[in-house]
Structures are given as structure tokens and as C-alpha cells.
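>>> The following comprises the amino acid sequence and a computationally predicted model.
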Amino acid sequence: APPRGRIEPPTLVAIRQAAALLRAGDIVGMPTETVYGLAADALNPEAVSRIFAAKGRPADHPLIVHLPSAEHLPRWAAHIPKDAIALARAFWPGPLTLILKRTSEVPDEVTGGQDTVGLRVPSHPIALALLQVFDSGIAAPSANRFGRISPTTAAHVHEELGERVAMILDGGPCAVGIESTILDFSRDVPEILRPGAITAEDIARIIGRRPRVRGETAPSGVAGEAANDAATDAAAHGSAAAAATPAPRVSGALAAHYAPRTPLRLVHAAQLADHAAVLAGEGSRVAVLAHAVPNPDDSRLIWQAMPADPAAYAQELYASLRALDALNADFILIEALPEGLAWRALADRLGRAAVGSGAAAD
Ligand code: TXA
Ligand code: MG
């Protein structure tokens, strides 16, 4: 038999092999336009449990089910509001996950026992090809060990999961680079649980009203969530409040997530060079992720430039964090992001990365 964990070019033969492995209850690395997924047959509870074992993820964290097309929705979603249909028409295939009431066919292992299920049709051609050959739902969280940086290349998946996966389909680097927008339709008002490339404004343009965005307002009675959001927002802007330990969220979007092993700090552009110089002066090796790279003359400083455009920044972010983490520096400093809607999903991820950084791998 071919070795487990091998990276395969996405030929039709390899795609058929991946579908056969899924049918046999095994797990495979699958490219999507957002990040790579760890795929299993969503209707096979044993296969789904292999995802949790491979990731080291708590079993109560629900998984997103990927579908070949919106035509598959009725099998998985018990109630599909008309706004959800309009959004599926507008943004599928693409980086939008809809949380809907589930049907009884969806295993508890997928939903963490909740009465809802997360569904999306990805736009990556290899993901779509695999879904079409498989012709059913594929459960796939990001293909990283629990709490760590999501993979955006096949090599990253191999680094994270090695032989825990049967094979990895190589779809090249992910075009979007951060995880899908998650929009919850299971309660009275649609609410964004996780920001992504599709923004609240994009959604408002289709459904005629702006969805609630978790973290933007603090409804009474959810002080824990408000504190959580305050911590991640503060972290994204380089504030000391990021040091607070927030409570986990109901949605499973933990504050400490997407995290490198190296302690990570977000620092305002104006203070970045000084902050790095002070740490280097104390004898620390410092890796810096910034929009502009000055002329460094200190060998203890490693600078990496990031694009000024938010979409390009998102595409490169996780690979850059991974590369800086691999340097085993004492600190990673990241230039705090500009204000503005286009940066919101990235500020969310960097905030979580800062809160979770420096911890031992789990
Ligand atoms: O872009 C993406 O969404 C990637 C690619 C592979 O599709 N997937 C991804 O999956 O990011 P994962 O498992 O790493 O993150 C899914 C998030 C989790 O925070 C989970 O708690 C939330 O979606 N989620 C899934 N089902 C849910 C549900 N029924 N209710 C609330 N949150 C849910
Ligand atoms: Mg994930």
C-alpha cells in the first residue's frame, strides 16, 4: 500500500482515491479556498471521530460539513430561511458557512450534539471535484492540531498531521488564506460568529439588513463573551488587556487559537522598531512581521514584509506566522493592523493568535 500522509498532485486518479478512502471511513487532507481541511465522511460517525483524534480536538467542538452544491442542503438542514437561500445563491461556492437547524440524518459527532449544523460549498476546484465524486457531505475542520495555525499549503498539513491522514490532495496555496465567515441562522437574528472574507456589509447587500456581529455589541447577560471579545480586540491593537484569560465561547471559537508556539505581541507601527530594538538589546532574538521593512543592522532581528492590501495579507498570513514560528525566536512582533472593515477578520485572527501564543502544543 502507498504510504500514509503522502502528498498527491490532484489528478483525477488521486481525487478518486481520496473519495474511496473517505468511503472506507479514513481521513484525508483536502484543499479549500480558505484553508486546508481534514476531511471525513460526514455521515460516518466513526470516520468523524478520527478527525477529533487526529486533531486532538475536544469532541464537543462542532464541524463544518462541505457540500457539492446547494441542492444538497435539504438533506442536512431542516429549516432553510429564505435569506439563507439568497446568500447561498450569492456566495456559494465560496467562503461562507451557514449555521442552520439540522436534520436527524446529521450525526451528533458532527454537531457536538447541538441541534444545528454548519454548511458550506467551497469554491476550490479540487474540493469541488472531490465533493462531486463523493456526492455527499464531507465534514472538515481546518487540518491543524487543535489550537494551532491553520494550514494553507499541503506541506503545512503534512507538518501538522503527518501519517494521521491517509493522503493529502495538493491544491496549491489557498487563495483566501483565512477561515470562512460563519453566519448563524439558527436564532432570531442572523449573527456572524466568525468574521471572514465575506463581510457583514457583503451580507447586508444581499439580505437587506446588516447581520449582528459577535463582539460588536455586548447584549446583556453575556458578560463572559463580552470580556472574551474585549480581550481579542485589545490584543489585535497591541494592548496589555490581551493578557487576560477569557472564557471559551459557546460557538467553539476560542479566544486562544491560531497560535504560534513563539510568544507573539501586537505593537503599533510607531513603536515597532523601538520595541524590537529594546528586546534585542536585552539579548532576545526577535522576528517582526510588518508592512514595511527598515534596514536592519541587528542580526537578532528578523523582519518580514507583509502586503498593504488586506486580501493579499490574508493570503500570506498563516504561512508567514508558521515560517516565523519555525525560527524559534524569543518573540514574534506583529505590526498592529490598520483600522477599517477590510481588516476586521484579520484583527480577529491576530488577536486570538496573541492570546494563545507561547503555549505548548496540544
Ligand atoms: O474555512 C473554513 O471554514 C475551514 C475550511 C476547511 O472549510 N474550516 C474550518 O473549520 O475553519 P473549523 O472546524 O476549524 O472551524 C469551524 C468553526 C468552529 O469554531 C466551530 O465551533 C464552528 O465553526 N461551528 C461549526 N458548527 C457549528 C454550529 N453548529 N454552531 C456553532 N458553531 C459551529
Ligand atoms: Mg480551525
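Arrived safely. Ligands and ions are numbered 1, 2, ... in the order given.
>>> longest helix anywhere in this protein?
When the chain is parsed with DSSP state H, its longest helix is helix 310-326.
>>> Show me the shaky parts of the protein.
217-256, 295-297, 359-362 (pLDDT under 70).
>>> Walk me through the domains of it.
Structural domains assigned to the chain are 6-207, 264-356, following automatic domain parsing.
>>> between those domains, which gets nearest to residue 216?
Of all those, domain 6-207 sits nearest to residue 216, with 8.3 Å by C-beta to C-beta. For every residue, glycine as well, the C-beta is placed using N, CA and C.
>>> Show the end-to-end separation of that closest one, please.
43 Å (C-alpha to C-alpha, to the nearest Å).
>>> related to what we said a few turns ago, how about the longest helix of the chain and ligand 1, any contact?
No. For helix 310-326, no contact with ligand 1 is found by C-beta under 6 Å from any ligand atom; the gap never falls below 11.6 Å.
>>> Equivalent analysis for stretch 29-42, please.
Yes. Residues of stretch 29-42 are located near ligand 1 by C-beta under 6 Å from any ligand atom, namely 32, 34, 35, 37.
>>> Out of the domains of the chain, which one sits most buried?
Ranked by mean neighbour count, the domains of the chain are led by domain 6-207 with a mean of 20 (mean count of other C-beta atoms under 10 Å).
>>> hmm, back to that, can you tell which of the domains of the chain is closest to residue 214?
domain 6-207 (5.4 Å).
>>> quick check, distance from that closest one to the centre of its chain.
11 Å (C-alpha atoms, centre = their mean, to the nearest Å).
>>> Skipping adjacent residues, who's closest to residue 177 in space?
residue 315 (4.0 Å; C-beta to C-beta, 6 or more residues apart in numbering).
>>> Who are the contact partners of the one you found?
For residue 315, the contacting residues are 152, 173, 174, 175, 176, 177, by C-beta atoms under 8 Å, 6 or more residues apart in numbering.
>>> just the residues you listed that are near ligand 1?
Checking these against ligand 1 (C-beta under 6 Å from any ligand atom), there are no matches.
>>> farthest pair in these?
173 and 176, at 10.4 Å, using C-beta to C-beta across those.
>>> ok so, going back, give me the residues contacting the very next helix or strand once past the longest helix of the chain.
Per DSSP states H and E, the first helix or strand lying C-terminal to helix 310-326 is strand 331-335. Identification of contacts with strand 331-335 by C-beta under 8 Å, 6+ apart yields 260, 262-269, 272, 275-276, 279, 284-291, 306, 321, 324-325, 350, 354, 357.
>>> tell me the angle the next helix or strand after strand 331-335 makes with helix 310-326.
Counting by DSSP H and E, the element after strand 331-335 in chain order, helix or strand, is helix 344-356. Per axes from the mean of the first three to the mean of the last three C-alpha atoms, to 10 degrees, the angle that helix 344-356 makes with helix 310-326 is 20 degrees.
>>> Alright, that wraps it up for me.
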